[in-house]
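1. just need the structure, nothing else, for what follows:
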Amino acid sequence: MGFKPRLLVFSDYVCPFCYLALDLVQQLSRDHDIEVVWKNYEIHPQTPAEGKLAADSGEAVQATSRLLCELNPVLGPRIRLPSIVANSHLAHEAAEFAREQGRFAELHRRLFQAYFEQNLNIGSLPVLMQLGAEVGLDPAALREAVSAHRYHHRLERVVQEKVWYGVCGTPTFVLGRYKIAGPQRDEVFRELLRRVGA
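-> Numbers count the residues shown, from 1 in each chain. Below you'll find the model as predicted:
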């Protein structure tokens, strides 16, 4: 059996560039024999549990929107920076519950869609239960697991890993001895995969 490169993706649901990374990574995994592991990393743990109003900085929002559209002309225009900055901790725990139930990919994408296309507060437990039900999860079981913080230890482990790998933000991609931070174009990863023999 040949060597199968492992791509780690440190990602947060409140990062629009992580949403772009989702499509990019899925295409790479279709084109190359690689293992993809998403690492749920909360980049703003200080955000209040109920969320907070987003800063009203028109120029920054416009600049971010332009970059998103430039990087992905299909998905980029659909992304709208939400009015509420959500605390993503519960969303990450819900995603870990979904991973255990074999529905990680479905909830992973749905969380990004809900936040960046529907302006939903993904830090809200009722919202998470609704999204979980949409992708086939038992909402009552999800509520129980998230309310009990059953998967908090997994998030703590990712914090330790991000220190080990020197991760400072999202998205960050780790492939073997290579690390790439921030939004990147498709060709950057294809060259990297060529180097590692994928």
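
2. longest helix of this structure?
-> Ordering each helix of the chain by length in residues (DSSP state H) puts helix 16-31 first.

3. chain center to stretch 9-21, what's the gap?
-> Chain-centre distance of stretch 9-21: 4 Å, with C-alpha atoms, centre = their mean, to the nearest Å.

4. likewise for stretch 176-184?
-> Centre-to-centre, stretch 176-184 and its host chain are 15 Å apart (C-alpha atoms, centre = their mean).

5. what residues does it touch?
-> The contact list for stretch 176-184, computed with C-beta atoms under 8 Å, 6 or more residues apart in numbering, reads 5-6, 17, 20-21, 24, 67, 71, 165-169, 171-173, 188-189, 192, 195-196. Using the backbone N, CA and C atoms, a C-beta is placed for each residue, glycine as well.

6. Arg194: neighbour count?
-> Arg194: 10 surrounding residues under other C-beta atoms under 10 Å.

7. gap between the closest residue to Phe3 other than its chain neighbours and Ser29?
-> Spatially, and ignoring its direct neighbours in sequence, Phe3 is nearest to Gly197 (7.3 Å; C-beta to C-beta, 6 or more residues apart in numbering). Separation of Gly197 from Ser29 (C-beta to C-beta, to the nearest Å): 16 Å.

8. more neighbours, those two?
-> Remark: of Gly197 and Ser29, Ser29 carries more neighbours, 14 against 10, as counted by other C-beta under 10 Å.

9. make sure the more buried one is actually in contact with Val37.
-> No - assessed by C-beta atoms under 8 Å, Ser29 is found out of contact with Val37, at 10.9 Å.
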